[in-house]
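Chemist: Any chance you could fold what I've pasted below:
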Amino acid sequence: MDGVPRFGRSARLASLPLSFAGRAVGDWGRTLVGAEADSAQTLARNADQLFAVLGTLKGGAMKLGQALSVYEAMIPTEIAGPYREALAKLQTSSPPMPTADMHRMLAEQLGRGWRAHFREFADEPTAAASVGQVHRATWKDGREVAVKVQYPGADLALDADLRTLERFSRLFAAIFPALDARALIRELRARTMEEVDYRIEADRQRAFAAGFADWPGLRVPRVIASAPKVLVSEWLDGAPLRESLGGKGSVADRDRYGTTVVETMFASPTRVGLLHADPHPGNFLVLADGSGLGMIDFGAAASLPDGIPPVLVAILRLTADRDAEALDALLRAEGFLAPGAESADVLRWVGALGDPLREESFHFTEEWIARQGARVANPTNRAYRETGRALSFPPEYALVMRVLSGWMNILAQLDCTVAARGLVERWVPGFR
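Modeler: Here you go, the predicted model:
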């Protein structure tokens, strides 16, 4: 994809500071008990190096960086600060492909006369990410469109990157010591081949556009044309929701955006049979006309033709009700909790994450999610050792749980108030 042989790409990963990974885990533990953390200069230097390596790999490493960046709100402030900007960059930053390569890809996918489809086409990309880059253009009928063009060899490079990253997964403990990075990478790799076929993404986008055509405050761009490695959609004018994080903008707008995100997340399995499975704030745009949010990028989606699985609905309900005994019994019966983990107490470990479902309206804040992270993502915590290591969800369920937890982190960074319980009761059969 960027002309770097596989072994060269592995060498770049190997250049990451292995000794720093070990120090950071220890520093996290010391920070949680009030000891001094590593110096800001050292953290910033390693953040820059991490971003430099992941950014130049562009493919699987970029996707992993995007997935990790969602969870940075759970990291203690002393550790998170130097990494916040670097991780955020991984959501959108990537060196663009050469113009000649982009033109060649368009000719392969749309035909040698591809220019006839467009009145105008901007060679400079407006966005570049892990699989492809986006160009603004004018379709032949005058509509403004977004043209997503896949990097040449993206499928092979993504698979190679993710296989390599799985071997180096312990490096990411420097940022997220409690995260099972190896499992996350395997999950990303399992979805890679779907994401690099833009015809699959186009079908998903069409389904979302039809299912939410009448949805107030949300717009899904219609698909204009698609090929295996090129996707043409309606252009949406707007700024990424990421620019509203950190309390930026009015409280009313942030609450409105948060409500749209939550309702869309819980309604889509019922309305569309799909769940958008790439939770990060670059996938929602604050529309320039003030009408609400635009939802984009449907390469990653969980197929839920029967809605959210009943067992996950029951887990949400029991967590909201603080029914520790019934929750543990259900998890053991379903094989999610190891039979030998007799001292495990799931509600004590993650119960506070059910807070948004216990009140009529809930205020998502970074302080709240940081408190949860200090307990849930703390390897020195007894609850983590006794429960976190004993809890395991099948891949098809783990993906849904990761989407829910990812958006909770983003909502906390958005600093918004949402009547989440009412939305879940409305859209999730069986929760009420």
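Chemist: Quickly note the distance from the most centrally placed residue in the chain to Ala127.
Modeler: The centroid of the chain falls nearest to Pro279 when counting by Cα atoms, centre = their mean (3.1 Å). Computed as Cβ to Cβ, to the nearest Å, the Pro279 to Ala127 distance reads 18 Å. Quick note: C-beta positions are derived from backbone N, CA and C, even for glycine.
Chemist: residue contacts, Pro309?
Modeler: With contact taken as Cβ atoms under 8 Å, 6 or more residues apart in numbering, Pro309 is in contact with 396-397, 400.
Chemist: mind saving the C-alpha coords of the helix or strand harbouring Ile369 as CSV?
Modeler: Using DSSP states H and E, Ile369 falls within helix 366-376. The C-alpha trace of helix 366-376 is given here as CSV (Å, rounded to 0.1, in the frame of the first residue of the first chain):
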residue,chain,number,x,y,z
GLU,A,366,-15.2,12.8,31.2
GLU,A,367,-15.0,12.8,35.0
TRP,A,368,-17.6,10.1,35.1
ILE,A,369,-15.9,7.9,32.5
ALA,A,370,-12.5,8.4,34.0
ARG,A,371,-13.8,7.1,37.4
GLN,A,372,-15.1,4.0,35.6
GLY,A,373,-11.8,3.6,33.8
ALA,A,374,-9.8,3.9,37.1
ARG,A,375,-11.7,0.8,38.2
VAL,A,376,-12.5,-1.2,35.1
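Chemist: Now do it: distance to the chain's middle.
Modeler: 18 Å (Cα atoms, centre = their mean, to the nearest Å).
Chemist: Next, the buried residues of it.
Modeler: The neighbour-count check on helix 366-376 (16 or more other Cβ atoms under 10 Å) flags 366, 368-370, 372-376 as buried.
Chemist: any chance you could map the strands in the stretch 51-200 of the chain?
Modeler: Using DSSP state E, counting those that start in this stretch, the strands found in the stretch 51-200 of the chain span residues 118-121, 127-128, 132-139, 144-150.
Chemist: can you list contacts of the third one?
Modeler: Surrounding strand 132-139, the residues in contact under the criterion Cβ under 8 Å, 6+ apart are 94, 96-97, 102, 117-128, 144-151, 154, 224, 229, 232, 235.
Chemist: can you give me the offset of stretch 292-304 from its chain's centre?
Modeler: 11 Å.
Chemist: hang on, the earlier thing: out of the strands of the stretch 51-200 of the chain, flag the one nearest Ala341.
Modeler: Evaluated over the strands of the stretch 51-200 of the chain, closeness to Ala341 peaks at strand 132-139, with 43.1 Å, by Cβ to Cβ.
Chemist: Go through the closest one and flag the buried ones.
Modeler: For strand 132-139, by 16+ other Cβ under 10 Å, it's 132-137, 139.
Chemist: again, but for stretch 109-125
Modeler: 109-110, 114-115, 117-118, 121, 125.
Chemist: Now distance to Arg206 too, for those residues, in a markdown table please.
Modeler: Output for the buried residues of stretch 109-125, formatted as a markdown table (distance: Cβ to Cβ, whole Å):
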| residue | distance to Arg206 |
| --- | --- |
| Gln109 | 18 |
| Leu110 | 19 |
| Trp114 | 22 |
| Arg115 | 25 |
| His117 | 19 |
| Phe118 | 21 |
| Phe121 | 23 |
| Pro125 | 24 |
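Chemist: ok, back up a step: tabulate the strands of the stretch 51-200 of the chain (a markdown table), appending distance to Phe298.
Modeler: Formatted as a markdown table, the strands of the stretch 51-200 of the chain follow (distance: least, Cβ to Cβ, whole Å):
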| stretch | distance to Phe298 |
| --- | --- |
| strand 118-121 | 23 |
| strand 127-128 | 15 |
| strand 132-139 | 13 |
| strand 144-150 | 11 |
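Chemist: before we move on, the earlier item: of the buried residues of strand 132-139, which is the nearest to Arg432?
Modeler: Nearest to Arg432 among those, with distances taken as Cβ to Cβ, is Val134, at 40.7 Å.
Chemist: re earlier: redo the buried residues of strand 132-139 as TSV? Include pLDDT and distance to Leu218.
Modeler: Formatted as TSV, the buried residues of strand 132-139 follow (pLDDT from 0 to 100; distance: Cβ to Cβ, whole Å):
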residue	pLDDT	distance to Leu218
Gly132	87	24
Gln133	92	25
Val134	95	20
His135	97	24
Arg136	98	22
Ala137	98	24
Trp139	98	23
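Chemist: ok, so of those, who is nearest Arg382?
Modeler: Closest to Arg382, out of all of those and judged by Cβ to Cβ, is Gly132, at 45.2 Å.
Chemist: The closest one and Glu360: what is the separation?
Modeler: With Cβ to Cβ as the criterion, Gly132 and Glu360 are 42 Å apart.
Chemist: swap in Arg104?
Modeler: 56 Å.
Chemist: Ala183 too?
Modeler: In terms of Cβ to Cβ, Ala183 sits 35 Å off from Glu360.
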